[in-house]
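K.L.:
task: produce atomic coordinates for the following.
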Amino acid sequence: MRKKQIAVWTVVIVPVAIMLAVLPPNHYLYSMLTFVGIYALAATGLEMLMGYGGQISLGNGGFIALGAYITAILSQHGVHPVLIFMTALIGSALVAFIIGYPILKLEGYYLAIATLGFALLVQALAISMFPLTGGSSGMSVNSLTVFSNSLGERGYFILAWVIFGVGFILARNLTRTRTGRSLVAIQSNEEAASALGIYTGKVKLQIFVVSAMYAAAAGFVMANYLSFIAPDIFGLALSVDLVVMSLLGGHGVIYGPLLGSFVWVLLVETTHSFKDYKILLTGAALIVILLFMPKGIYGVLQKRFFQRRKV
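P.N.:
Have a look, this model is predicted:
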């Protein structure tokens with residue numbers, strides 16, 4: 001096995017194994033780390049779309065909501081969790097394919113506004129479809145069970161990180177395929193990529209669908225963990241937070257979402273007393289990242305510790 005492959009497995013597996021071994025059954029710690037895994041999963045999908053594909057999206061919060069509501073509705077009808085998970089992925093992929101075909105013809109701010117409109121539309125539908133979704137009051141989710149026993153804090157922690165680990169490895173492998181190289185070419189110069197024979201529209205639609213599936217998977221875990229969902233959970237702030245996590249960790253770096261999610265959740269928890277000013281703090285964080293850390297935390301660490309010295 002090559003050194004890079006060993007490094008990837010180390011990044012994904014070792015921290016989880018250590019935390020499982022040493023952490024006491026502390027609700028707060030498990031809760032925080034579970035949300036890190038959930039956000040890292042969703043942010044990884046967004047990173048492939050934005051960091052590699054160069055497509056700005058403020059709509060991934062809508063796909064998280066879609067996955068969460070599919071999970072909640074089907075769980076109340078006694079559907080098996082595996083089937084719920086697959087339905088959430090396929091359903092979100094189908095919606096992404098339908099809306100992605102027209103809106104991905106837009107670029108830049110126009111694309112961002114279009115995807116934002118989708119996120120707001122999903123939230124509005126969740127409020128208006130009261131008989132199905134519970135409206136603004138929300139709806140409960142039947143908890144996952146293993147041999148008739150609830151998963152508990154440790155179980156949801158493992159679930160979130162296992163799904164993230166699989167998603168991370170799949171994303172890393174995808175970036176090394178022909179599709180991944182096509183995405184980088186499109187990000188650099190879409191017209192040049194098209195001249196080289198790359199079907200840019202097809203590639204962008206593919207990665208848009210993949211990004212939506214990552215968000216839906218995160219919605220599945222989130223809905224089951226919270227055991228209750230409501231439209232205000234999936235507002236604009238969630239989509240913006242995912243963008244911040246992606247940029248904070250490192251734009252165009254597959255490790256970025258994990259770093260960004262961990263640091264962002266930690267910042268949110270330590271500034272909980274200022275939660276009324278969260279939007280202000282989010283905006284300030286974006287400005288600081290773009291001005292002083294354009295390559296994110298990964299870029300800072302790479303420059304400080306891993307950059308080879310010039311002889």
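K.L.:
CA only for contacts and neighbour counts going forward, please
P.N.:
Fine.
K.L.:
surely Trp161 touches Tyr39?
P.N.:
No. Applying C-alpha atoms under 8 Å, one finds Trp161 not in contact with Tyr39, separated by 10.5 Å.
K.L.:
how close does the closest residue to Asn224 other than its chain neighbours sit to Tyr156?
P.N.:
Leaving aside its sequence neighbours, Asn224 sits nearest to Ser143 (C-alpha to C-alpha, 6 or more residues apart in numbering; 5.7 Å). For Ser143, the distance to Tyr156 (C-alpha to C-alpha, to the nearest Å) stands at 10 Å.
K.L.:
and those two? Which one has more around it.
P.N.:
Tyr156 (24 against 19; other C-alpha atoms under 10 Å).
K.L.:
Three-state assignment for that one, please.
P.N.:
helix (DSSP: H, G, I helix; E, B strand; the rest coil).
K.L.:
surely it meets Tyr225?
P.N.:
Yes. Using C-alpha under 8 Å, Tyr156 makes contact with Tyr225 at a distance of 6.4 Å.
K.L.:
please enumerate the helices of the stretch 201-311 of the chain.
P.N.:
236-249, 256-270, 278-292, 296-301 (DSSP state H, counting those that start in this stretch).
K.L.:
now do the second one: distance to the chain's middle.
P.N.:
So the one you mean is helix 256-270. On the basis of C-alpha atoms, centre = their mean, to the nearest Å, helix 256-270 is displaced by 13 Å from the centre of the chain it belongs to.
K.L.:
any weak-confidence spans in this protein?
P.N.:
1-26, 147-148, 304-311 (pLDDT under 70).
K.L.:
what strand or helix carries Tyr28?
P.N.:
helix 27-47 (DSSP states H and E).
K.L.:
packing partners of that helix?
P.N.:
helix 60-75, helix 152-175, helix 200-226, helix 236-249, helix 256-270 (3 or more C-alpha pairs under 8 Å, 6 or more residues apart in numbering; DSSP states H and E).
K.L.:
right, so the ones you listed: which one is the most enclosed?
P.N.:
Of these, the one with the most neighbours on average (mean count of other C-alpha atoms under 10 Å) is helix 60-75, at a mean of 27.
K.L.:
tilt between that helix and helix 200-226?
P.N.:
50 degrees (axes from the mean of the first three to the mean of the last three C-alpha atoms, to 10 degrees).
K.L.:
hmm, back to that, what's the residue nearest to Asn224 sitting at in phi/psi?
P.N.:
Main-chain torsions, Ser143, degrees, to the nearest 10: phi -70, psi 150.
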